[in-house]
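Colleague: with the input below, show me the fold.
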Amino acid sequence: MKTLFSTFLFILLGSFAMAQNYTLPLWDGTPPLQKDMNLQEDVRDENIIRIANVQDPTIEVYLPNKQIATGEAVVIYPGGGYAILAYDWEGTDFAKWLNSQGIAGIVVKYRLPISESLTDPKEVPLLDAQRAIRMTRANAEAWNIDPGKVGVMGFSAGGHLASTVSTQYDHEVDRGKDAIDALSARPDFSILVYPVISFRDAAVHSGSRKNLIGENASQELQDRFSGELNVDENTPPTFLVHAQDDKGVPIENSLLYYNALNKHGIPASLHIYPKGGHGFGFGMGKGAVENWRSVLLDWINHLD
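Modeller: Numbers count the residues shown, from 1 in each chain. Have a look, this model is predicted:
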């Protein structure tokens, strides 16, 4: 009897944490700023699922069981230097973890600026990032989400995209619009994990800059995509985490963004760990950085 009860309890608790997930296209028909060239996406599973040459941008929606849902949602932008998406390592794995905490996770398969099918490559990742936030708000009632508790989370170049949509959420390009475009694309909070922030020489991640705006971009374009220069009083509260020994994206990126947030009076929490390198993800087996997710949850739980 005791064994039977334990089995029942395990199944019951498992059902509370079980995620519902499905995938939706970001756009109807051919996405804006894209030519229909019948190009194929490149999906490879090499311990990490890597997606390149995205042609059909989507959101993969992970919803927690209603009994544990907090009403919060996090729109997730995986990293990959604007060349690929580390789709599970910095995407779906985190959506599933967020579900276990009662938070909806929305993973964005956004288009990458190196695709030949794009007509204005530098604008496309931001356009997809804005759309994902608006779609989340458009479906808030159906997904049991509070539209005033929709945040973003980005890793590395995905962190650059998350900081860009946090500071340029109302940026417009010439395109057709629909009812979803009437909704706000401003995140209510931002989570930036070892993010690329600056395209200025002091802290630049050259691969991300080259892939997004090209090798010989004007100073004006470099400044536009340097997040620390675009923070203002409307930038959302932000959580930043970085490793001091990050050789891929120097910690100066997070420091620059934090200082800009602090200057404008934006609530911000900066966490720097001595070890972890770049791309530590969950941080498992990498020392103290393994605890960063617990610190993040505490921060989310105390957001105003």
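
Colleague: which parts of stretch 95-115 are buried?
Modeller: 95-99, 101-115 (16 or more other Cβ atoms under 10 Å). For the C-beta atoms, the positions are set from N, CA and C on the backbone; glycine is no exception.

Colleague: tell me where this protein has helices.
Modeller: 2-17, 93-100, 124-138, 157-167, 206-213, 219-224, 252-263, 292-301 (DSSP state H).

Colleague: could you report the neighbour count for residue 298?
Modeller: 10 (other Cβ atoms under 10 Å).

Colleague: ok, it to residue 283 distance?
Modeller: 16 Å (Cβ to Cβ, to the nearest Å).

Colleague: again, but for residue 149
Modeller: 25 Å.

Colleague: what of residue 304?
Modeller: 27 Å.

Colleague: and the closest residue to residue 273 other than its chain neighbours, how many neighbours?
Modeller: Ranked by Cβ to Cβ, 6 or more residues apart in numbering and with sequence neighbours excluded, the top spatial neighbour of residue 273 is residue 289, at 4.0 Å. Using other Cβ under 10 Å, residue 289 has 24 neighbouring residues.

Colleague: wouldn't residue 289 be in contact with residue 280 here?
Modeller: Yes: under the criterion of Cβ atoms under 8 Å, residue 289 makes contact with residue 280 at 5.8 Å.

Colleague: overlap in contacts, those two.
Modeller: Common contact partners of residue 289 and residue 280 (Cβ atoms under 8 Å, 6 or more residues apart in numbering): residue 243.

Colleague: now do residue 12, the pLDDT please.
Modeller: Residue 12 carries a pLDDT score of 40 in this model.

Colleague: typo on my end, it should be residue 291
Modeller: Residue 291 is given a pLDDT of 97.

Colleague: ok, what's across the strand from the closest residue to residue 251 other than its chain neighbours?
Modeller: Spatially, and ignoring its direct neighbours in sequence, residue 251 is nearest to residue 242 (4.7 Å; Cβ to Cβ, 6+ apart). Beta-bridge pairing of residue 242 under DSSP bridges involves residue 272.

Colleague: about what we covered before: from the buried residues of stretch 95-115, which land in strands?
Modeller: Those of the buried residues of stretch 95-115 mapping onto strands are 104-109, per DSSP state E.

Colleague: could the residues you listed be laid out in TSV, adding pLDDT?
Modeller: Conversion of those to TSV gives the following (pLDDT from 0 to 100):
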residue	pLDDT
104	98
105	98
106	98
107	98
108	98
109	98
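
Colleague: pick out whichever of those sits closest to residue 80.
Modeller: residue 109 (11.2 Å; Cβ to Cβ).

Colleague: burial measure for residue 24, as a count.
Modeller: Neighbours around residue 24, by other Cβ under 10 Å: 12.

Colleague: sorry, that was for residue 185
Modeller: 26.

Colleague: for stretch 43-54, which residues meet the burial criterion?
Modeller: 48-51, 53-54.

Colleague: contact partners for the residue nearest to residue 251?
Modeller: 194-195, 249, 251, 253-254, 270-273.

Colleague: just give me the closest of these to residue 154.
Modeller: After measuring the contacts of residue 242 against residue 154 - Cβ to Cβ - the closest member comes out as residue 195, at 6.2 Å.

Colleague: with adjacent residues omitted, what lies nearest to that closest one?
Modeller: residue 159 (2.5 Å).

Colleague: list the contacts for the one you found?
Modeller: 77, 79, 192-197.

Colleague: buried ones among those?
Modeller: 77, 79, 192-197.

Colleague: which one of those is nearest residue 263?
Modeller: residue 197 (14.4 Å).

Colleague: no further questions, thank you.
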